[in-house]
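> here are the coordinates; sequence isn't available:
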Ligand code: URA
C-alpha cells in the first residue's frame with residue numbers, strides 16, 4: 001500500500017488486482033486465452049458469428065461421446081463392490097471410464113480422498129476444482145484451506161476423511177449434474193462402507209441435495225440433522241449439511257452459521273448418547 005492509501009485505509013493497486021484474481025478463480029476463470037485483453041465492446045463486436053454456426057455440430061459430437069449412464073452405473077456398482085479396501089477403491093475409480101466428466105476434457109486425474117481412512121467423520125464436498133485437479137487431492141485450494149482451518153478450530157483435523165460427490169473436475173467449476181453424481185455414487189457409498197464413519201458432514205448444496213435426495217437450498221438444509229441411507233438401504237448415518245467454504249469466502253458474514261454447524265456436529269460426535 002502507498003503511504004497515502006495506507007493513511008486513508010484504501011487498497012493498493014496490487015491488492016485490488018489480487019482480490020480480482022481471487023474473485024475470478026472462485027468463479028472458475030483460471031486460464032488466459034490471449035496475452036493482451038481485447039475490448040470487444042469498443043470494437044463493436046460482441047459475439048463472433050462463426051461460433052453460432054459451429055454450435056449444433058458440437059452438440060451432436062458431444063452427445064455421441066457421452067457414455068450410456070445406465071450401463072455406466074451398473075459398471076460402477078460392480079467395480080465399487082469388488083474393491084476390498086480404500087487403495088483398491090482408488091484404483092477402481094481411476095480405471096472407471098463411465099463418468100461423463102472424464103470426457104469433458106477439463107479433468108486430468110481422478111481426485112478421490114484425503115485424510116484419515118478410519119475417520120469417525122466423512123466430509124463430502126461438491127467436486128474437485130482446478131487446484132484439486134492439479135494436485136490429485138480434494139479441498140486443497142483456497143476453499144480447502146478455510147475448511148482445514150475450521151476443522152482444526154473444532155478439533156477435528158485428524159478425525160476426518162474428505163471427499164466429494166464426483167471425482168473429476170467439472171469444467172469451469174460448474175455444479176456437477178445429477179447423472180455425473182449418480183454414476184459416482186456407488187464409489188462414494190463403498191467408501192462409506194469401508195471407512196465406516198459415525199456421521200457425514202455435507203458441504204454445500206450440491207452435496208447435501210444429492211446425498212439426501214432433497215430439493216431445498218442449502219440455506220434451508222444447513223444445521224439440521226438428516227438420516228442418510230445407502231441405495232440398497234443397508235447403511236444409515238446421521239448427516240449434517242453445512243455451508244460451502246467457497247461461499248464463506250465470498251460471504252464472510254455467513255461464517256458464524258457454519259461455525260455453529262460444526263459445534264452441533266462435534267457435540268453429537270463426542271456425546272452420541274445425549275438427546276438432540
Ligand atoms: N470444492 C469442493 O466442493 N470440493 C473440492 O474438493 C474443492 C472445492
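Here it is on my side, so go on. As the structure is a prediction and not an experimental result, all values here were calculated from the model.
> count the residues that sit near whichever residue of the stretch 1-150 of the chain sits closest to the ligand.
Nearest residue of the stretch 1-150 of the chain to the ligand, counting by Cβ to the nearest ligand atom: residue 125, 3.0 Å away. Just so you know, the C-beta spots here come from the backbone N, C-alpha and C atoms, and that holds for glycine as well. Residue 125 has 26 neighbours, counted by other Cβ atoms under 10 Å.
> torsion angles phi and psi at it?
phi -90, psi -170 (degrees, to the nearest 10).
> let's see the pLDDT reported for it.
pLDDT recorded at residue 125 is 98.
> could you give the bridge partners of it?
Residues in a beta bridge with residue 125, per DSSP bridges, are residue 164.
> who touches it in this structure?
Contact analysis of residue 125 by Cβ atoms under 8 Å, 6 or more residues apart in numbering lists 138-139, 162-165, 203-204, 207, 244.
> biggest separation within the residues you listed, which pair?
Maximum pairwise distance among the contacts of residue 125 (Cβ to Cβ): 14.4 Å, between 163 and 244.
> which of the helices or strands spans residue 109?
Applying DSSP states H and E as the criterion places residue 109 outside every helix and strand.
> burial measure for it, as a count.
By other Cβ under 10 Å, 15 other residues sit near residue 109.
> and if you look at residue 263?
Residues near residue 263, counting by other Cβ under 10 Å: 11.
> what sits against it?
So residue 263 contacts residue 154 (Cβ under 8 Å, 6+ apart).
> same check, this time on residue 89
Each residue near residue 89 by Cβ under 8 Å, 6+ apart is listed here: 80, 83, 112, 187, 190-191, 194.
> check residue 274 too.
Applying Cβ under 8 Å, 6+ apart, we find residue 274 in contact with 267-268.
> give me the pLDDT value at it.
You'll see residue 274 listed with a pLDDT of 71.
> could you do residue 3 as well?
Value for residue 3, per-residue pLDDT: 42.
> same deal with the one 10 residues further on?
pLDDT, the model's per-residue confidence, is 62 for residue 13.
> now residue 172, what's its secondary structure?
helix (DSSP: H, G, I helix; E, B strand; the rest coil).
> what ranges do the strands span in the stretch 51-200 of the chain?
Along the stretch 51-200 of the chain, counting by DSSP state E, counting those that start in this stretch, strands occupy 114-115, 121-125, 160-164, 199-203.
> so what's residue 170 up against?
Contacts of residue 170 (Cβ under 8 Å, 6+ apart): 101, 104, 106, 127, 176, 180.
> which parts of the stretch 51-200 of the chain sit against the ligand?
Where the stretch 51-200 of the chain comes near the ligand, counting by Cβ under 6 Å from any ligand atom, the residues are 125-129, 132, 138-139, 143-144, 164.
> let's see 5 Å
Selection of the stretch 51-200 of the chain residues close to the ligand by Cβ under 5 Å from any ligand atom yields 125-126, 128-129, 132, 138-139, 143, 164.
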